[in-house]
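> can you look at this prediction? I've put the sequence above it.
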Amino acid sequence: MSDTNETQTRAQSPAARPGKAPTTIRQKIFDAIGWLAFALLVPPALSMLGLPKLQELVSGELGAWGSPFALIMYFYALLFLRVFFGTDQRYFPVILGYLVSFLCFSNSLDIGVMVWFRDALHKIPALSYDALSFAVGVIAVFLGNALSRARKAGAVVDLIVLVLLPAVGLFVAGLYLPPLLGL
C-alpha cells in the first residue's frame with residue numbers, strides 16, 4: 001500500500017507535471033532583470049512623445065553611452081541574459097521577436113548602420129510614424145517572450161504572430177491612427 005501512495009504523491013507533485021519545469025531562484029532573478037530592461041526604453045519613448053527631458057538628462061550624464069541607440073543595445077543585452085538564464089522554453093520566437101523589434105526600432109530611432117532602412121520605410125507615409133514603430137517593436141518583444149513559453153506553438157505560428165501580425169498592424173495603424181490622434 002505504501003508503494004501506491006508514493007507513486008500517487010510523485011505524480012501529483014509540481015515537478016512531475018509534464019511541460020512544467022520547476023523554476024529556480026536564478027531563473028526568477030534573470031526573469032526580473034529581463035523585465036527591468038524595459039525601463040531602458042522609457043527615455044527614448046518619452047522623447048518620441050514630445051517629452052525629451054529624461055533622454056537629454058541620460059545623454060548629458062552618460063554622453064554617447066546614454067544615446068537612444070546605446071539604451072536599445074543595453075535593453076537587448078539584458079534581455080539576452082533573461083533568455084539564456086531565465087525561464088524561456090523556446091529560443092526561436094524570442095530571437096525572431098528581437099529581430100522584428102530591432103527593425104521597428106531602426107525605423108523609429110536614428111541607428112547609424114540602419115539609416116538606409118529608415119529612409120526607405122519613411123518614404124511610405126503609413127510607416128513614417130516613429131512612435132508607432134517603437135510601440136510595435138516593444139509589442140514584438142512581448143509577443144516573442146510570451147511565445148517562448150508556448151511549447152506546442154510551431155515555427156509557422158511564430159512567423160505569423162511575430163512577423164506578419166506586427167507588420168500588418170504597423171501598416172494599418174499608420175494608415176488609420178495618425179488622423180485620429182491628430183498627427
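Thanks, I have it.

> for the rest of this, base every contact and every neighbour count on C-alpha atoms.
Fine.

> centroid residue for this structure?
In the chain, the residue lying closest to the centroid (C-alpha atoms, centre = their mean) is Val141, at 1.7 Å.

> could you check how far it is from Tyr91?
Here Val141 is placed at a distance of 12 Å from Tyr91 (C-alpha to C-alpha, to the nearest Å).

> now do Leu79
From Leu79 over to Tyr91 the distance is 12 Å, taken as C-alpha to C-alpha.

> of those two, which one has the most company?
Each of Leu79 and Tyr91 has its neighbours counted (other C-alpha atoms under 10 Å); Leu79 has more, 25 against 16.

> quick check: the more buried one touching Ala39?
No: judged on C-alpha atoms under 8 Å, Leu79 makes no contact with Ala39 at a distance of 11.7 Å.

> after whichever helix or strand Phe84 is part of, which helix or strand is next?
Assessed by DSSP states H and E, Phe84 sits inside helix 68-85. Downstream of helix 68-85, the next assigned helix or strand under DSSP H and E is helix 92-108.

> what's that next one packed up against?
Judged by 3 or more C-alpha pairs under 8 Å, 6 or more residues apart in numbering; DSSP states H and E, the packing partners of helix 92-108 are helix 115-122, helix 130-148, helix 155-159.

> what lies in contact with the shortest one?
Right, helix 155-159. Residues outside helix 155-159 that contact it (C-alpha atoms under 8 Å, 6 or more residues apart in numbering) are 92-93, 96, 144, 147.

> mind putting those in TSV, distance to Leu165, neighbour count and pLDDT included?
Shown next, in TSV, are the contacts of helix 155-159 (distance: C-alpha to C-alpha, whole Å; neighbours: other C-alpha atoms under 10 Å; pLDDT from 0 to 100):
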residue	distance to Leu165	neighbour count	pLDDT
Phe92	17	16	87
Pro93	13	29	88
Leu96	13	20	91
Gly144	12	26	87
Leu147	14	25	84
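
> from those, which two are the most distant?
Greatest spacing in the contacts of helix 155-159, by C-alpha to C-alpha: Leu96 and Leu147 (10.4 Å).

> distance of Leu121 from Val172?
For Leu121 relative to Val172 (C-alpha to C-alpha), the value is 14 Å.

> and those two? which has more neighbours close in?
Comparing Leu121 with Val172 by other C-alpha under 10 Å, the one with more neighbours is Leu121, at 17 against 13.

> is it true that the more buried one touches Ser128?
Yes: using C-alpha under 8 Å, Leu121 makes contact with Ser128 at a distance of 6.6 Å.
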